[in-house]
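**Q** just a sequence and a predicted model for now, questions to come.
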Amino acid sequence: MRSNLFLVILLAGLILALVNPGVMAQEYDLTLYSIMTTDQDFDDWLADLEKETGLKVNVIAAPTNSDTRQQKVTTVLSSGDSSIDILEINDEMSSSFKNTGWLEPLQAKVLTDEIIDYFPEGYMEDMITSRSGDIVGVPGYSGYLAFWVDQEKLDKYGFETIDTKEDFIAFAKAASEDGNFGYGGSWERTYVFNEIATFVNLFGGDYFDWTNSANREAIQFMYDMVHKWEVTPIEQIGDKYEQMNQKFIDGKYAMIFMWGTGTEYRNAGRYGEDQIHIAMVPEFETRSIFTDSWSYVLNSASENKEAAYKFLQYVASEQGMLSAWENFDRYPARSDVAKKLPDNEITEMYNRYSEEAVVRGRPMVPQTMEFITQMGTIFQQVMQNQITIDEFLVKAQGFVEEYK
Amino acid sequence: MITRFKLENIFKWIIALTVSFIILFPLYWIFISSITPAGELFQRPIKYIPENPTLSNYIYLIKNTGLYDKIISTFIIITTTLLISTIICVMAAYSFARYDSIGLKIAFLFILFSMLIPNVVTARPLYDFMRKVGLYDTYTGLIILYISRVIPFTVLILRNFVSNIPITIEEAAAIDGADFSQTIFHIILPLMKPAIATVSITNFIMCLNEFFIPLFYANNIQVLSTAITQLPLQDNMYSVPWDLVSSMGWIIILPIIIFVSVFEKQIMEGIMAGGVKA
């Protein structure tokens, strides 16, 4: 009986395969490879885009898992596959692809002189401009590795703001009691890269020059946070953002650096002026902050370039940026559009970041993931006293020379 | 006084419970993660029963990830693969088991050898090939690749099974006047039923779990296994939405559990039959 059932199922599948007309019956102007397709407002964003451009867009869901996505995108681009026209890529992929010739230059038809100045200059130069000067991507938004504080703890320990290095240390020390810590990090070996680079920037160092004394100060500072002042736990070398955020929400930490606009804290009922909120990044030697983005790029092998330019002109336009903000909560990469957003604590702080802080793209190399992993590994070793800070600096410089 | 029989029973129960716990606890953990709100997922101390269980993750996935299309695509690919591969493999297994020549031996070794090549090694040339012959992102192309994926294992199992069927049965059938096709369809195939059922079920699970082929050789045709990598990124674009990942995990696991429950008898018969004859 069950064998027959099995056979019936098999035959049903075969019949379905024979009669199925396929999924590409409809004609499209271009194909978009996007990470946002499973967002609940993606359809609204796409409807806006199709209405404004008149394009019919075929959408393919890209993996949101970074390793898988990078393998697939590398295969598509390197093989000259023309089945995908527009792709969304992150900073890591930009660093890997911008000098390969796989991406079409966009300065002539999309990022023209009229709008290019509205995009963050440093980011554009660092991340999506090739060695030959071609701009190969349109940033879809601007994100910041923002500074977040727990107001309840600020009030409890009598701090109004954390504006300087001294404030930072004093608050971290004060808030480290009863099993809680003043500072929380995500020091898993691939995640810690952002924080090492943040502290290097705050101390005025250069991530690609580990002979720089400011870099040493930054690492010494992070080491002291763990071992001397005991304001951050060594156990966080296993933590990614999920664990760090949960601890922050649970009140284990008083301040952290974190991407995004605080959705996790809102969802947990911990967001607000009197609870967890975004704050101005403190000034150590400098007041630096990292920005990131996902950029839309045009596959050089595309056979639908005119349609693709139209698409990219839309996402780079004011309307396109506002649509991304409304549907995906993506803060516009264009400064002129950002100023038109309704005022709230996030937009206000993002505006202050762009005006008052030194905004930088993250230090990426062509083999970014390998570089990040190596640096994270030796950072964890120094934090666990397996190597000295001097040994760390020598090894770090070696990795820079190897990968840059 | 505890008898030796009772002690043995207690020992068996301890082993059974330990093994069950090792197997079932991860499933339980994925399940409770799937019904736990994201803000409570990493709470300390760990909560083994969610305080605020919710089905919102499942509802989100059903609404936003095109599950229906993925299920249909998966069904089409897997059933066709199973049907065609079983026919091919039964014929191949019979040939490898009953005939002897250098060519056949080399062919069999080639099939076995192909099991040892990691997918990623052949990915790029195969990607180019599939595009050039127009099979990229088509059901036909995917089904061919799925079939090639299951053939080595299936041929190996079925060949060993056929080798253990006494040749005298076929000789007796021949003496009784059965021709070759009658021998195959009326003698050998009925004897192979437990083995065919077992490999079909194993292949079904293998196909359902197959990740690399649909990821690399298709864009528009999407299946359940790749859906787990296509979940919405969090606000910060770097965190993994573990609540949704867990829910999607359960959606993928569920058909396997149902399938194995329905065909449990055949699986056990096949395994035991293979075990005795080997």
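**A** Yep, it's here.

**Q** C-alpha only now, for contacts and for neighbours.
**A** Fine.

**Q** and residue B:231, what pLDDT?
**A** Looking at residue B:231, its pLDDT reads 80.

**Q** interface residues of the stretch 151-278 of chain B facing chain A?
**A** Residues of the stretch 151-278 of chain B lying near chain A by CA under 8 Å from any CA of the partner chain: B:197, B:215-216, B:219-221, B:226, B:229-233, B:235-240, B:262-263.

**Q** gap between residue A:133 and residue A:109?
**A** Applying CA to CA, to the nearest Å, the value for residue A:133 to residue A:109 is 15 Å.

**Q** which of the residues of the stretch 151-278 of chain B next to chain A count as buried?
**A** B:197, B:215-216, B:219-221, B:226, B:229-233, B:235-240, B:263 (16 or more other CA atoms under 10 Å in any protein chain shown).

**Q** now, those that are in strands?
**A** Among these, no member falls in strands (DSSP state E).

**Q** helices - which of the residues you listed land there?
**A** B:197, B:215-216, B:226 (DSSP state H).

**Q** in those residues, find the pair that's most separated.
**A** Farthest-apart pair in those is B:197 and B:216; separation 29.5 Å (CA to CA).

**Q** report pLDDT for the residue of chain A found nearest chain B.
**A** Residue of chain A nearest chain B, by CA to the nearest CA: residue A:260 (4.0 Å). On the pLDDT scale, residue A:260 is placed at 86.

**Q** my read: it touches residue A:148, true?
**A** No: taking contacts as CA atoms under 8 Å, residue A:260 lies outside contact range of residue A:148: 10.4 Å.

**Q** spit out the residues that contact these two alike.
**A** Contact criterion CA atoms under 8 Å, 6 or more residues apart in numbering or on different chains; no residue bridges residue A:260 and residue A:148 by contacting each.

**Q** quick one on the thing from earlier: tabulate the ones in helices among the buried ones among the residues of the stretch 151-278 of chain B next to chain A (JSON lines), appending pLDDT.
**A** Below are those laid out as JSON lines (pLDDT from 0 to 100):
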{"residue": "B:197", "pLDDT": "84"}
{"residue": "B:215", "pLDDT": "89"}
{"residue": "B:216", "pLDDT": "89"}
{"residue": "B:226", "pLDDT": "85"}
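
**Q** make JSON lines from the residues you listed and add distance to residue A:59 to it.
**A** Formatted as JSON lines, those follow (distance: CA to CA, whole Å):
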{"residue": "B:197", "distance to residue A:59": "39"}
{"residue": "B:215", "distance to residue A:59": "15"}
{"residue": "B:216", "distance to residue A:59": "16"}
{"residue": "B:226", "distance to residue A:59": "16"}
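
**Q** for those residues, which one is nearest residue B:28?
**A** Using CA to CA, the shortest approach to residue B:28 within those belongs to residue B:226, at 22.0 Å.

**Q** ok, now which ones touch the closest one?
**A** Applying CA under 8 Å, 6+ apart to residue B:226 gives the contacts A:63, B:211, B:214-215.

**Q** make it 10 Å
**A** For residue B:226, the contacting residues are A:61-63, B:70, B:209-215, B:252, by CA atoms under 10 Å, 6 or more residues apart in numbering or on different chains.

**Q** again, but for residue B:58
**A** B:34-35, B:64, B:243-244, B:246-248, B:250-251.

**Q** and what of residue A:373?
**A** By CA under 10 Å, 6+ apart, the residues touching residue A:373 are A:188-193, A:379.

**Q** which one (most neighbours) among these?
**A** The residue in these with the most neighbours, by other CA atoms under 10 Å in any protein chain shown, is residue A:379 (28 neighbours).

**Q** where do the helices sit along the stretch 51-200 of chain B?
**A** Secondary structure of the stretch 51-200 of chain B by DSSP state H, counting those that start in this stretch: the helices cover B:56-64, B:67-98, B:102-114, B:119-132, B:139-163, B:167-175, B:180-182, B:189-209.

**Q** now the third one: how far from the chain's centre is it?
**A** Spelled out, that is helix B:102-114. Relative to its chain's centre, helix B:102-114 lies at 24 Å (CA atoms, centre = their mean, to the nearest Å).

**Q** just the mean pLDDT for it, thanks.
**A** For helix B:102-114, mean pLDDT is 92.

**Q** buried ones in that helix?
**A** Of all the residues in helix B:102-114, those buried under the rule 16+ other CA under 10 Å are B:108, B:111-112.

**Q** please report the distance of the residue most central in space within chain A from residue A:332.
**A** The centroid of chain A falls nearest to residue A:292 when counting by CA atoms, centre = their mean (4.6 Å). Computed as CA to CA, the residue A:292 to residue A:332 distance reads 12 Å.

**Q** please apply the same query to residue A:287.
**A** Computed as CA to CA, the residue A:287 to residue A:332 distance reads 22 Å.

**Q** neighbour count winner among the two?
**A** residue A:332 (27 against 20).

**Q** which bits of the stretch 251-400 of chain A sit near chain B?
**A** Residues of the stretch 251-400 of chain A that fall close to chain B, judged by CA under 10 Å from any CA of the partner chain: A:258-270, A:292-294, A:328-330.

**Q** again, 7 Å this time
**A** Neighbours of chain B within the stretch 251-400 of chain A, by CA under 7 Å from any CA of the partner chain: A:259-261, A:263-264, A:267-268.

**Q** filter the residues you listed down to the buried ones, PyMOL style.
**A** In PyMOL, this line selects whichever of those come out buried by 16+ other CA under 10 Å:
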select buried, chain A and resi 259+260+261+263+264
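
**Q** who are the packing partners of the helix or strand in which residue A:167 is found?
**A** Assigned by DSSP states H and E, residue A:167 belongs to helix A:165-174. Other helices and strands packing on helix A:165-174, by 3 or more CA pairs under 7 Å, 6 or more residues apart in numbering or on different chains; DSSP states H and E, are strand A:181-183.
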